[in-house]
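S.K.: Coordinates for the following, if possible.
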Amino acid sequence: MFRNPIPFKFATFFLSVFIMMGGWAHADEFSESEFFEESNGAEDKSGYSFENEKSFKERNNFFDSNLNDLKITDSRTYTSSPRKRERLRDSQNRLNFDRDYFYGIFSDIAYTATSPLRWDDSDWMTAAWIAGGTSLFFILDEEIRDGFEDNRSSTIDDVSEFFERFGNGAISLPALGAFYLYGYFGENAKAERTALIAAESFLVTGLFTTVLKATAGRHRPSTGDSATSFDGFTTDHGSFPSGHTSPVFAIATVIANEYEDVPYIEPISYGIATMTGLSRINDEKHWASDVFLGAALGYFTSKTLLRLHSDKKGQHFTIYPRVDRNGGGIVLGKKF
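M.R.: Below you'll find the model as predicted:
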């Protein structure tokens, strides 16, 4: 009944939407050009002119007061080469693979889990759009499942098998480890930071996904049950949300954010993540709504962690369990 191009048109739309999400990832952040204006006499965005010495000093003080450790005291800092500026910025944002990194994961989980308490109106509007999108896919779940099944072929299955691997932690985490080693031995602070934040986002997103799976207890399409089959609070069924899609989108978001200056990184990252999600629908492992929510969960979890790491700037608030011969408890600390 469904042998027509509709599923593939839908898949194309689905792919386009999530690739476009990469553009939203940086909508609320300053670009490097906004921070480093060339001193060519043009006024910057704050209204100061670098031709005026007094204005330049005010501009300099602005940077000193807001960038903490990054002390800009010479106009040549603004007009140096983009590569030097990037290396300076990366050195300030270095993230070390040490005990504090692991301890910090606990506080980051708590911060991310409680982030709705700090949402503003725009955040709640975004949440409403996600809920609406998930509901729409939920209505279309069985129809989409039938469409993929009717148009399934050995070639599509081979492609699906290839992209499915990207959502597997047994592959993703070693790949991130290799990328970290590349940054460590190559003295590339950006690569180190990207690998560590991506790994943390993978773990945090995986934790949230597992909790949601156990809470919903939704039956997978492969069981032959309807899309409305939810047992609730069980580990026997774990379709909602997709445990492959959420972490791969988490990694893709971090990579796209950290390498936003490389044009092809963003579409490749989100393209791979989207194909991974579609492979789960093709293999009848997940409903479309599982994949949609998983993608949103991975994306916004990474965005929260990226903002959190950006705000730390040398400070690290930690909360972690501790056990010794005198007993145990929760330790809170702050590193300066």
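S.K.: Leu212: how many residues sit nearby?
M.R.: Using other Cβ atoms under 10 Å, Leu212 has 19 neighbouring residues. C-betas here are computed from N, CA, C, even on glycine.
S.K.: Which residue, other than its chain neighbours, is closest to it?
M.R.: Setting aside the residues directly before and after it, Leu212 is nearest to Pro241 in space (Cβ to Cβ, 6 or more residues apart in numbering), at 5.8 Å.
S.K.: Over to Glu164?
M.R.: Using Cβ to Cβ, 6+ apart, the nearest residue to Glu164 is Ser279, at 4.5 Å.
S.K.: Counting by contacts, list what the helix or strand containing the one you found packs against.
M.R.: According to DSSP states H and E, Ser279 maps onto helix 265-282. Helix 265-282 sits against helix 6-24, helix 121-150, helix 154-164, helix 245-258, helix 288-312, with contacts defined as 3 or more Cβ pairs under 8 Å, 6 or more residues apart in numbering; DSSP states H and E.
S.K.: Check which helices and strands the fourth one sits against.
M.R.: So the one you mean is helix 245-258. Using 3+ Cβ pairs under 8 Å, 6+ apart: helix 245-258 touches helix 6-24, helix 169-185, helix 189-216, helix 265-282, helix 288-312.
S.K.: send the alpha carbons of that helix over as PDB?
M.R.: Output in PDB follows, covering the C-alpha atoms of helix 245-258 (Å, rounded to 0.1, in the frame of the first residue of the first chain):
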ATOM      1  CA  THR A 245      20.900   8.400  18.000                       C
ATOM      2  CA  SER A 246      21.300  10.400  21.100                       C
ATOM      3  CA  PRO A 247      25.000   9.800  21.700                       C
ATOM      4  CA  VAL A 248      26.000  10.200  18.100                       C
ATOM      5  CA  PHE A 249      24.200  13.500  17.900                       C
ATOM      6  CA  ALA A 250      25.900  14.500  21.200                       C
ATOM      7  CA  ILE A 251      29.300  13.900  19.600                       C
ATOM      8  CA  ALA A 252      28.300  15.600  16.300                       C
ATOM      9  CA  THR A 253      27.200  18.700  18.100                       C
ATOM     10  CA  VAL A 254      30.500  19.000  20.100                       C
ATOM     11  CA  ILE A 255      32.600  18.500  16.900                       C
ATOM     12  CA  ALA A 256      30.500  20.900  14.900                       C
ATOM     13  CA  ASN A 257      30.700  23.500  17.600                       C
ATOM     14  CA  GLU A 258      34.400  23.300  18.200                       C
END
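S.K.: what angle do it and helix 265-282 make?
M.R.: 170 degrees (axes from the mean of the first three to the mean of the last three Cα atoms, to 10 degrees).
S.K.: Averaged pLDDT, helix 245-258. What do you get?
M.R.: For helix 245-258, the mean per-residue pLDDT is 96.
S.K.: quick thing: my sequence starts at 24, can you match it?
M.R.: I'll keep to 24 as the first residue from here, and by that count the last item is helix 268-281.
S.K.: got the angle for that helix vs helix 311-335?
M.R.: Here the directions of helix 268-281 and helix 311-335 differ by 40 degrees (the same axes, to 10 degrees).
S.K.: what does the shortest one give?
M.R.: Taking the same axes, to 10 degrees, helix 177-187 and helix 311-335 form an angle of 30 degrees between their directions.
S.K.: Count the neighbours of the closest residue to Ser325 other than its chain neighbours for me.
M.R.: Spatially, and ignoring its direct neighbours in sequence, Ser325 is nearest to Thr276 (3.8 Å; Cβ to Cβ, 6+ apart). With neighbours defined by other Cβ under 10 Å, the count for Thr276 comes to 30.
S.K.: Kindly report the same for the one 3 residues further on.
M.R.: A count of neighbours around Ala279, defined by other Cβ under 10 Å, yields 25.
S.K.: That one touches Tyr287, doesn't it?
M.R.: No - with contact defined as Cβ atoms under 8 Å, Ala279 does not count as touching Tyr287 (10.6 Å).
S.K.: give me every residue that touches Thr135.
M.R.: Applying Cβ atoms under 8 Å, 6 or more residues apart in numbering to Thr135 gives the contacts 227, 231, 324, 327-328, 331.
S.K.: Looking at the residues you listed, which gets the smallest pLDDT?
M.R.: For those, the least confident entry is Leu331, with 89.
S.K.: coming back round to it: pipe the helices and strands packed on helix 268-281 into JSON lines and attach distance to Ala133 per row.
M.R.: Shown next, in JSON lines, are those (distance: least, Cβ to Cβ, whole Å):
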{"stretch": "helix 29-47", "distance to Ala133": "25"}
{"stretch": "helix 192-208", "distance to Ala133": "22"}
{"stretch": "helix 212-239", "distance to Ala133": "10"}
{"stretch": "helix 288-305", "distance to Ala133": "26"}
{"stretch": "helix 311-335", "distance to Ala133": "11"}
